[in-house]
Structure formats: structure tokens, C-alpha cells
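Peer 1: Predicted model, plus sequence, below.
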Amino acid sequence: MAAPTTIADHRPHARASARGGGVRRLPNIGAGIGGFVWLAVIIVPIYYVVISSLRSQTGFFAGNPLAPPDHISFEKYVLVLQSGFGRYFLNSVVITVVSVAVTVTFSLMAAYGVVRGEGRLARTSFSVFLLGLAIPVHATIIPLYYMITRLHLYDSLLALILPSIGFAVPITVLILANFIRDIPRELFESMRMDGATDWGMLWRLVLPLARPALVTVGIYDALHVWNGFLFPLILTQSANLRVLPMALWAFQGEFTVDVPAVLAAVVLSTLPMLVAYVLGRRHLVRGLTAGFGK
């Protein structure tokens, strides 16, 4: 005996689902082509820099520049490392690590105070941090130079660390404050009922939950400090205090004709930030978009 026909049997989607096929979607060919074009735009320059740094001086000007080198040579990397690159690398590491550590620590406490604080002081503090985003770095370089010289900090690593912290705090507080607002208020209230203080809630609740945002601002601030050129150019002059951007500038003058040596220095200076991005890429987008969907 045949089963009775229902209204659902006459629907195209129902019949397709009964056959197990479902609704087939056509592939987005335009998006696929655009993705491959964008990938080529990103990959080709990186590929060119890496393979060119592995060529000899004579091999760089001979043959196809995009073809793999016939003979891989690391002599340019050795030349760069023997030209004081290790000292410049260490200076950049010290400045970046100290600046990011102080910035993230202070900004986390400030963001917690802005979000959990009550009264006019908290609102005014957040407005001051937002005002810091509107102040361009180049507009402050003259008074900053005057302050550094008056404090007798000129031509020192501290002269680079303090301004880096000051200009990184506003955006860091903004990102962390938006992330802390996403934490359910019930968690704070339950910990308060258990007798937790503000310091206890900050370190035992906010700090573990804010890990994606902390990784995000850490990488973001590290990139700005690591690639900073204006502060080292204006606030230092000694060769032993050079950071990597200044070293690349010096290498460009020293190795004007030796292009593979300059590109080898570029590759070496890029590796630390590339490693940091690869390790923290999962938290990067989540931390940047926290709180902005409300």
C-alpha cells in the first residue's frame, strides 16, 4: 500500500532533502580568483626578498630575479651578523620587551578601573585616554625632545622606552576596556560576595579571561615599537644604541650596491615579529573585535 502524499512532498527543498542531496550552491569563482590574486600580492614580494638574500652579488644581477638561485649562499647573512647586527637586535629586544610589559600591565589596571569604576573620575580618565589617540606622534616630537634633554635622558635606551609606553597606552586601554566589558557582570558580583577585592578580581578573573586581548595588544604594541624609526632618529645618536630600523638605514648606506646584504638584514629583522604573529594569530582578531559588536 503506497504511503499518502503530503504537502511537504511537493516542496523542492523537501524532495531534495529526502534524496540526501540538499541545496547545491555554486562556487564563488570571483572570490576564489580574488583570493589567489591577493595571495600573490603578499607572497611574491616576500619570496623575492628571501631568495635575493640567498644570492651572491654577481648572481643578483644575472638571470631571472624570481627564479630560485643556482647556488644558495649565506655569506650575506654572515656579513650582516659581523657588522654589529647582534647589538642592534639586542637593543630592539630590550626596548620592545620593557615597553610592552609596562604598557600592558599599566593599561590592564587602567582599563579595569575605567570599566569597574564609578563616578566622574572613571569617565574623565577614559576621556583622557581617548584624547591620547587624537594626538599625532610627529606633532609632539619637539616638546618631547625638549623634555628628554631636560631630564638628561638623551641618547639612552630609556629615552626610547618612555615615549613608546606613553603613545601605546591609549589604544591599549581602549582595546582592553572593550574586552573587559564583555565579561559577565555576574562573575564580578559572585566574587565580590565571596569577599574578593578589586585586586583579586583583576588577577584571578580578568587576567585569565582577557588573555586574547592581552596577546592582541602585546603583538600590536610590539610591532609599533619594533618598527619605530622616528624616536631612535631624534632621541639617540650613538652607534651602540641603534635599533634595527636605524641599523637597516645604516646598512643601506653601507651596502648601497650590495643589495642581497641589505635584504638579508631585512629578513633577520622581520623574523621575531613573524614568530610572534604566528604564535598569537588565534587571539589577534578576537581581541581586536571585542566589545565593538554591541
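Peer 2: Cool, got the structure.

Peer 1: show me what contacts the residue nearest in space to the middle of the chain?
Peer 2: Centroid-nearest residue in the chain: Tyr220, 3.0 Å away (criterion: CA atoms, centre = their mean). Each residue near Tyr220 by CB atoms under 8 Å, 6 or more residues apart in numbering is listed here: Ile171, Thr172, Ile175. Just so you know, the C-beta spots here come from the backbone N, C-alpha and C atoms, and that holds for glycine as well.

Peer 1: Quickly find the element holding it.
Peer 2: Per DSSP states H and E: Tyr220 is located in helix 211-226.

Peer 1: State the mean pLDDT of the helix or strand that that helix is followed by.
Peer 2: On the C-terminal side of helix 211-226, the closest following helix or strand by DSSP H and E is helix 230-235. Averaging pLDDT along helix 230-235 gives 92.

Peer 1: could I get the very next helix or strand once past helix 230-235 in PDB with only the CA atoms?
Peer 2: Downstream of helix 230-235, the first helix or strand assigned by DSSP H and E is helix 244-254. The C-alpha atoms that make up helix 244-254 are tabulated as PDB, following Å, rounded to 0.1, in the frame of the first residue of the first chain:
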ATOM      1  CA  LEU A 244      67.000  47.600  14.000                       C
ATOM      2  CA  PRO A 245      65.200  50.300  11.900                       C
ATOM      3  CA  MET A 246      68.200  52.500  12.300                       C
ATOM      4  CA  ALA A 247      70.500  49.600  11.500                       C
ATOM      5  CA  LEU A 248      68.700  48.900   8.300                       C
ATOM      6  CA  TRP A 249      69.100  52.600   7.400                       C
ATOM      7  CA  ALA A 250      72.800  52.400   8.100                       C
ATOM      8  CA  PHE A 251      73.200  49.100   6.200                       C
ATOM      9  CA  GLN A 252      71.500  50.700   3.200                       C
ATOM     10  CA  GLY A 253      74.200  53.300   3.200                       C
ATOM     11  CA  GLU A 254      77.000  50.900   3.900                       C
END
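
Peer 1: quick one: buried residues of helix 244-254?
Peer 2: Neighbour-count burial for helix 244-254, counted by 16 or more other CB atoms under 10 Å, picks out Leu244, Pro245, Met246, Ala247, Leu248, Ala250, Phe251.

Peer 1: Just give me the closest of these to Thr149.
Peer 2: Thr149 has its nearest neighbour among the buried residues of helix 244-254 in Met246, at 19.1 Å by CB to CB.

Peer 1: Correct me if wrong: the closest one contacts Gly228.
Peer 2: No - in this structure, Met246 is not within contact of Gly228 by CB atoms under 8 Å, at 9.6 Å.

Peer 1: what sits against Val78?
Peer 2: Counted by CB under 8 Å, 6+ apart, Val78 has zero contacts.

Peer 1: Low-confidence ranges, this structure, go.
Peer 2: Applying pLDDT under 70 to the chain flags the ranges 1-24, 253-257, 280-294.

Peer 1: ok, 50 please
Peer 2: 1-3, 5-18, 20, 291-294 (pLDDT under 50).

Peer 1: Identify the spatial nearest neighbour of Val50, chain neighbours not counted.
Peer 2: Once flanking residues are discounted, Val50 sits nearest to Val267: 6.2 Å by CB to CB, 6 or more residues apart in numbering.

Peer 1: cool, and Phe167?
Peer 2: Phe167's closest residue in space is Val137 (CB to CB, 6+ apart), at 5.9 Å.

Peer 1: what's the neighbour count on the one you found?
Peer 2: By other CB atoms under 10 Å, the residues close to Val137 number 14.

Peer 1: what separates it from Thr124, distance-wise?
Peer 2: To Thr124, Val137 is 24 Å away according to CB to CB, to the nearest Å.

Peer 1: before we move on, what about Pro136?
Peer 2: In terms of CB to CB, Pro136 sits 23 Å off from Thr124.

Peer 1: now swap in Tyr77 and tell me
Peer 2: Counting by CB to CB, the gap from Tyr77 to Thr124 is 52 Å.

Peer 1: more crowded one of these two?
Peer 2: Tyr77 (18 against 11).

Peer 1: and that one, what is it in contact with?
Peer 2: Counting by CB under 8 Å, 6+ apart, Tyr77 touches Ser53, Ala264, Val267, Leu268.

Peer 1: so how far is the helix holding Tyr220 off the chain centroid?
Peer 2: Distance, stretch centre to chain centre, for helix 211-226: 5 Å (CA atoms, centre = their mean, to the nearest Å).
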